[in-house]
Structures are given as C-alpha cells and as structure tokens.
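> below are the sequence and a predicted model for it; my questions follow.
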Amino acid sequence: MARKRLVKGSASAAPAVDLAALADYISQFSSKTIVVLGDFVADEFQYGEITRVSREAPVLILRHTQTKLVPGGGANAANNFAALGARVLPVTAVGDDAAGEALREYFLRSRVDVTGILAVKGWSTPTKTRYLAGWAHTSAQQVLRVDREPTTALPEATREKLRKALTAKLRRANALAVSDYGFGVASPELARHGRGVRKGEFTITLDARYQLHAYAKAGITSATPNEAEVEALHHVNIGNDLNELQRCGESTMERMGLGSLLVTRGRDGMALFSPGAEVAHIGIHGAPQAVDVTGAGDTVLAAYTLALAAGAGALEAAHIANIAGGLVVMKRGTATVTQRELLEAIRREIVGEAAPVGNEAAGDSHADGSEPQVAKLANVAKERG
C-alpha cells in the first residue's frame, strides 16, 4: 500500500494532515449550500495611461482606458464561495444605485440566487474606487483610492426584511458565513437570529473587521480575524511575540466561546486555536512574496467554512484555507480561487511538482471548476494516498 503524503505546518508546528483527505473534503464543496450574511461592497477599478503632469497641480493626468467593477467585501466572500463550487445564498442590502445594480447583475450572470440582495432607496452601496496608472506597455500601479460609504443607517423595515430572508435561506443551508465590514448590514443581532433558526451542530463562521468581540453571545462556531484585527481588539503589538499571540487568541476564544479561532498572519502563515489543544502554527503555502493581498481574508473565510461544512476538523479546514489563501494572493486585484485550483494545488503537493509563478499559478480566477475535472483531481489524491 502506498504511503500517504502529509503536509506539515511550520517548525513550531501544526500536526500533519493527510493531503488525500483534504482533497476529499474539497471535492464535497459543490454539494454544499452556504448562506452569506455580509456587507456587500463594490470594488471599482479605474485604469488610465499616464499622459503628462498637470500644469494646475503636481499630479499625473491619466487618459482613461478601462473601468472594471467586481464584488468586494462580503460580496467577494460570496463570490469565493461560488468559485469554490458551493451554492450561495446571499443575504444583504445594497443601495438603489448603479453600484448596487452592478453587483446584482454580476451575481445573476454567475447564477447566484439574488432574492436575498435587497435594494434600499436612499441608501448607498459601499464603493471603493481605485485609480491605477501606468505608461504604455507597463503594469498599472494604484495611485489613489476613493471610498464612498453610506451616510445613514439601514431603515428598521430593511432590517426586518433581512431577518425574514435569513430565516428562509438558512432552512436550506449547510452553514452560515458572516462577513462584517462595518457598513451596518452584518450584525451580532442578525447572527444571533441565525443561531436561533439553526441550533445545535450547525456551523456559523465570522470574519469581522472591527467588532469581533461584539459577537460574543451570537453562537459563532469559528472566526477568522487577521493579526492586525486581533492586535486592535487587545490593544497590543504582537509582531514576533508568539506568547502575546497565544494570550490574545486564548482570551478571544474564551470570551466568545468559540469552537476554534483561525488567525491569519500574512507572511507568517496562520495560527489555529482550539479548546484544550496547543496553538497550531501553519506556515504559508507557496511563494513568500504576495502579488496582491486584496480580499485574501474573504477567500480564507470561504475555504475554511466550506471545509468545516464538509466535515473537516478545524486543523484540516485551516490547511485548506491556507492553501486557498496562498493561491489568491498570487492574483492581482480582488480575486477568487476555484475548487479546481485547490485540488490542483494539492495534486502538485502529492506528486512533488513545483507550482507555476504568479497569475499563471492561479489561472483564471473565475474558471469553471466543473465536476469531471474536480473528480479527476480528487481521484489523483486518493490514488497517491
């Protein structure tokens, strides 16, 4: 019988996991239905060629070449769930404006159920506009970002509609993912309502940028903050101090009553906290120098949630999320990782192949992870296991 290939964490280090088992969990993603309760953001990219320096002020004049709008924030999380093969049921509110309509149309084209995306009159869709400039035949670089945010709170009537939509969608779901970017749609109150609808073993994951601890009594199963968010919560600087990281992680675990806590640490990988277990430090997957970290946390949330929904333990789910995060940071802009790309990355680990560099490694961020290809790659993992 062939030996199973194992993937290990860093030297400090996480216990090994079976790569073939990871492939088995990933192959189940397409059978899962996930409700995404989140703050949907429109990520707009304005591209231009540098023509000259303005006479009016020391600024570049750009000749506009292209405008691109893609899902950001919680919408990017939903987009990642869809790319990973899951059936996605978004529950959110957007403005009755061009950006909100563009997001709805994007998901309609992706065959995602948009009945839970509510258009609210008098409210604005959060929009992040990035201006990218370059000379002819050179890569465009971001020179300016302009954020447009809602100036009023969501009406209570809209919140009631969100509660009703969440109730209806959760009855068909395998998990709930909450993506709170601080724009007022995702909230501890709605998360608690979701837990009331689906009690017991039902998985609820959370990525909250500003108010993680506010979800302490919301019935969250696991959370996926980054290290900077943990530092802000505890008013500390972690840096290379693993003892401080452990103190903060264990404090958050206890305060929130979590089943697990996955802290993403950029070039330092991830740290997984589980009750009664040592901290599992997982080294980064792939190249140490990221191309673009925009939206990587959304990819981690999606991969981690789906793995838990597929029956993986927290450590196995963390390794899957780590691989997904390593793939997406090699893509430019707000991107996704597909089920096929994840399985291909594991196949390369099993057979000992080096991964291609940059966007080549990732392929098309919206590629179709079709079932025949998924099954083929999963079988490779089993045969090598």
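Perfect, thanks for sending it.
> from Met253, how far out is the residue nearest the centre of the chain?
Centroid-nearest residue in the chain: Asp298, 1.4 Å away (criterion: Cα atoms, centre = their mean). Computed as Cβ to Cβ, to the nearest Å, the Asp298 to Met253 distance reads 23 Å. Every residue, glycine included, has its C-beta placed from N, CA and C.
> for Val329, see how far away the residue nearest to the centre of the chain is.
Between Asp298 and Val329 the computed distance is 12 Å (Cβ to Cβ).
> ditto for Tyr210
23 Å.
> in the stretch 201-350 of the chain, which ranges drop under the pLDDT threshold?
Residues of the stretch 201-350 of the chain that meet the criterion pLDDT under 70 lie in 289-290.
> and the helix or strand hosting Ala318, what does it pack onto?
Assigned by DSSP states H and E, Ala318 belongs to helix 314-328. With contacts taken as 3 or more Cβ pairs under 8 Å, 6 or more residues apart in numbering; DSSP states H and E, helix 314-328 sits against strand 17-18, helix 19-27, strand 260-264, strand 270-273, strand 280-282, helix 296-309, helix 339-351, helix 359-362.
> the inter-axis angle of that helix versus helix 296-309?
140 degrees (axes from the mean of the first three to the mean of the last three Cα atoms, to 10 degrees).
> in PDB, list the C-alpha atoms belonging to helix 314-328.
Only the C-alpha atoms of helix 314-328 are listed here, as PDB (Å, rounded to 0.1, in the frame of the first residue of the first chain):
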ATOM      1  CA  ALA A 314     -10.600  22.700  12.300                       C
ATOM      2  CA  LEU A 315      -6.900  21.800  11.600                       C
ATOM      3  CA  GLU A 316      -7.800  20.200   8.200                       C
ATOM      4  CA  ALA A 317     -10.000  23.200   7.400                       C
ATOM      5  CA  ALA A 318      -7.200  25.600   8.300                       C
ATOM      6  CA  HIS A 319      -4.800  23.800   6.000                       C
ATOM      7  CA  ILE A 320      -7.400  24.000   3.100                       C
ATOM      8  CA  ALA A 321      -7.900  27.700   3.900                       C
ATOM      9  CA  ASN A 322      -4.100  28.300   4.000                       C
ATOM     10  CA  ILE A 323      -3.700  26.700   0.500                       C
ATOM     11  CA  ALA A 324      -6.600  28.800  -0.900                       C
ATOM     12  CA  GLY A 325      -5.100  32.000   0.700                       C
ATOM     13  CA  GLY A 326      -1.700  31.200  -0.800                       C
ATOM     14  CA  LEU A 327      -3.200  30.900  -4.200                       C
ATOM     15  CA  VAL A 328      -5.300  34.000  -4.200                       C
END
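> how far off helix 339-351 does it point, in degrees?
110 degrees.
> any idea how far helix 314-328 is from the middle of the chain?
Relative to its chain's centre, helix 314-328 lies at 11 Å (Cα atoms, centre = their mean, to the nearest Å).
> tell me the buried residues in that helix?
314-328 (16 or more other Cβ atoms under 10 Å).
> likewise for stretch 90-103?
Of all the residues in stretch 90-103, those buried under the rule 16+ other Cβ under 10 Å are 90-95, 97, 99-100, 102-103.
> re the thing from before, I figured the residue nearest to the centre of the chain hits Phe81, correct?
No: judged on Cβ atoms under 8 Å, Asp298 makes no contact with Phe81 at a distance of 9.2 Å.
> look at Thr203 and say how many residues are nearby.
21 (other Cβ atoms under 10 Å).
> so it versus Leu306, what's the distance?
Distance from Thr203 to Leu306, counting by Cβ to Cβ: 10 Å.
> what's the overlap in contacts for the two?
Taking Cβ atoms under 8 Å, 6 or more residues apart in numbering as the criterion, Thr203 and Leu306 both touch Ala175.
> tell me, how many residues neighbour Val114?
When neighbours are defined as other Cβ under 10 Å, Val114 has 18 of them.
> from the buried residues of helix 314-328, pick the one nearest Gly269.
Asn322 (6.8 Å; Cβ to Cβ).
> quick one, what contacts the closest one?
Asn322 makes contact with 269-270, 282, 284-285, 300 under the criterion Cβ under 8 Å, 6+ apart.
> which among the helices and strands packed on helix 314-328 is found nearest to Thr67?
Closest to Thr67 of the helices and strands packed on helix 314-328 is helix 359-362 (Cβ to Cβ; 20.8 Å).
> need the mean per-residue confidence for the closest one.
Mean pLDDT, helix 359-362: 42.
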